[in-house]
Structure formats: C-alpha cells, structure tokens
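Q: what's the 3D shape of this:
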Amino acid sequence: MPSKFEIGRRNVQNLGAELFQYPSNNELARFQQIAGIVDTLPLRKTKDGEMSLTAYFSHNGQETSLTVKTSSLQQGRENQPRIIYLPRYGEESHRTRKLLDIPSSADLHIEGIDTFHSVTNIETLLSSATASQFGYALGLRMIRERIQDARDHNQRVALIGFSYGANLISAYLSQSPDELPDAIVEVLGGDIRASTLISPYRDAYDVRTLEAIRMNPDVFPLQRPLSGAVRFRTAAVINIIDDQVPDQYVIWGNAAYRKYIHGGHFSSLFRNRESISKFVDEHLRALLFEK
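A: Predicted coordinates:
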C-alpha cells in the first residue's frame, strides 16, 4: 500500500526533477516534513552569481513549482557588512529596499531573498496550504544559506523583513539556529497561522483545510515570541491596530527597540516611511558598525 505522501518520484514529465505529491489541501503534512524535503534540494548558482532553490510538487492533482532566489541589489566595498531584504508576499526585494531605504547603506553589500517573485498565479498559491508550506520552507533554507555565506566572508549581516518577510525572520529565529544575524529589523510581521486564517483569500480554501490549520499548529513553521539576547539585536515596527496581520505585538513586543504606528497594513507604512527609515538606520548603525 503506498504511503500517504509519495516522496521522490523522479523524472516527472515536463519537470525533470523530483516531484513531491500531496493529495489534497485538507490532507496536510506537518511543516517539518516539508522542511526536511527542502533541505535535500540542490542550491543552484545562476550565471550572474545569484542563488536559487526550486521545489516541484503536485497538489490537488496539479503539478506546481516554486522557486526562491537571491537578488544582488548592491555590491558594497570590501569587508563591509551585508543587508538582506525579505519582501512582503508577491513583491520583489528591490521594491522593499526602495521603500525602506537606509541612509547609511551606500557602502554596504545589499541583497534580497525573493520567494514569490515570478508568480503569476499568486491567488491560486495563496489558497494552497501546501504552496504556503513550501514557500516558508524555501525561504527559511535560503536565510540560513545566506547568513552562512556572510559568515564565510567575515561579514556582519542584518535581516530586514516586511510583512511576509518579517514572518520568515520570526520563523527562522524560532528554530534556534546555529547562526544568528547581527541585526534584525521587522516591519509589520505577525503570527503566520493567524494571518492565514484571516487572509482575504481564505474563502478559496476548503473549509476542512481551514479547520486543519486552526487545529494543528504543526502545519506551519514554529513561531515563538521574541526572547533572550536576540531581543537586543532587534528593532520592531509594530502596527497595533493592523487587522490584516494580527498578533504583531505578541510575536515582536519583546524587542528592545520598538516603534509603534497605526492604520492600515500598507498605508501605515507609507505614511510613516521617513521616520521608519530613520529608526532602522540608527539601529543598523549601532549594530553593524560598533567597535
């Protein structure tokens, strides 16, 4: 009798790579199963030196692929720190960098991690719990790879995450990783499971899927409230009335450096853009260039 999840079926027509099969949206694997699969995937270097990871999976009978890639946004001076941007869902990192530009970053190495950068069927993926699981797993693996790469180059490194990108940072920190960034900036990130359950796309889910997500905390990556010494590496921008990404204070309220804003999820960021950039710049100056 075949197992519930047929893992590693090779030479799939039109894909030419491993295809991981999941029968339906309401029969969900635990996130750690997905993360284990993603950890076996080959990390590929493109012609321009950027890195990518691709997962192929079949979901509800539909063959799908999802890629996470790095984007080089600025080649800094030798021996300078590195900033890594993680954008919101469906946005490219260069746009997040433009929105959250750091005045003191002219000499720094700057790159982005883009998970859904080339997605054309974003609404379909948003309604797929399995696609969300692979998206988080690919993002977490690439964060780990890029921090390690910075260490290999003797660079201090900062993560800056906005919305979905901040959720990824929270999930990364919650795994008790061996390598931590020197500085962390989160902007309007919250609880992954709660955000999924109130997503404007939730009506596209099968009701049994929503119930599975609601009842099973293992479906998505572990998130713990910020704690320990990492609090002092973190600057958090928290929207305390955000009805799109809930529980921002629950996850990030222990950060040593906090800025509170009010309003809609995106409009509040635009209205406070200048003061947020100054807040972030001061934090990175202190942690990336300290003697």
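
Q: residue ranges with poor pLDDT in the stretch 1-150 of the chain?
A: 1-18, 22-26, 60, 117-127 (pLDDT under 70).

Q: how about the helices of this protein, start to end?
A: Along the chain, counting by DSSP state H, helices occupy 31-38, 93-99, 122-126, 129-152, 164-174, 192-197, 207-215, 248-252, 267-271, 273-288.

Q: got the buried residues for the first one?
A: Within helix 31-38, the residues that count as buried by 16 or more other C-beta atoms under 10 Å are 31, 33-35, 37-38. Yep, even glycine has a C-beta here, placed from its N, CA and C like the rest.

Q: could you list every residue that touches the nearest residue to Arg273 once chain neighbours are set aside?
A: Leaving aside its sequence neighbours, Arg273 sits nearest to Leu99 (C-beta to C-beta, 6 or more residues apart in numbering; 6.7 Å). By C-beta atoms under 8 Å, 6 or more residues apart in numbering, Leu99 lies in contact with 162, 269-270, 273.

Q: you'd agree Pro246 is up against Gly190?
A: Yes - between Pro246 and Gly190 there is a contact under C-beta atoms under 8 Å: 5.3 Å.

Q: Which one's more surrounded, those two?
A: Taking other C-beta atoms under 10 Å, Pro246 and Gly190 do not tie; Gly190 has more neighbours (27 against 16).

Q: backbone phi and psi for the more buried one, please?
A: phi -140, psi -140 (degrees, to the nearest 10).

Q: What segments of the stretch 1-150 of the chain are strands?
A: Counting by DSSP state E, counting those that start in this stretch, one finds strands in the stretch 1-150 of the chain at the ranges 20-22, 44-45, 51-59, 62-74, 82-86, 109-114.

Q: Can you say which of those strands is nearest to Arg202?
A: strand 51-59 (17.3 Å; C-beta to C-beta).

Q: picking up where we left off before, which one of the buried residues of helix 31-38 sits closest to His265?
A: Checking the buried residues of helix 31-38 one by one against His265 (C-beta to C-beta), the nearest turns out to be Phe31, at 24.3 Å.

Q: for that closest one, what are its contacts?
A: Neighbours of Phe31 in contact, by C-beta under 8 Å, 6+ apart: 133, 136-137, 218-222.

Q: Likewise for Leu66?
A: 54-55, 57, 115-116, 125, 131, 134-135, 138.

Q: List the beta-bridge partners for it.
A: Here Leu66 sits in beta bridges with Ala55, going by DSSP bridges.

Q: Equivalent analysis for Glu111, please.
A: Beta-bridge partners of Glu111, as defined by DSSP bridges: Ser72, Ile84.

Q: From here on, call the first residue 20.
A: Sure thing, new numbering starts at 20, so read that last one as Glu130.

Q: Could you count how many residues lie near it?
A: With other C-beta under 10 Å as criterion, Glu130 counts 24.

Q: any idea how far Arg116 is from it?
A: Glu130 sits 9 Å away from Arg116, going by C-beta to C-beta, to the nearest Å.

Q: before we move on, back to that, show the buried residues in the contacts of Phe50.
A: Buried by 16+ other C-beta under 10 Å: 152, 155-156, 238-240, out of the contacts of Phe50.

Q: Can you say which two of the residues you listed are spatially most distant?
A: Ala156 and Val238 (12.0 Å).

Q: TSV for the contacts of Leu118, including neighbour count and distance to Tyr104?
A: TSV is the format used below for the contacts of Leu118 (neighbours: other C-beta atoms under 10 Å; distance: C-beta to C-beta, whole Å):
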residue	neighbour count	distance to Tyr104
Phe181	28	8
Leu288	21	14
Phe289	11	17
Arg292	13	15
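
Q: between those, which is nearest Ser195?
A: Nearest to Ser195 among the contacts of Leu118, with distances taken as C-beta to C-beta, is Phe181, at 23.9 Å.

Q: Contact partners for the closest one?
A: Per C-beta under 8 Å, 6+ apart, neighbours of Phe181: 104-107, 115, 118-119, 206-208, 288.

Q: Among those residues, which one lies nearest to Glu97?
A: For the contacts of Phe181, the nearest to Glu97 is Tyr104 (21.2 Å; C-beta to C-beta).
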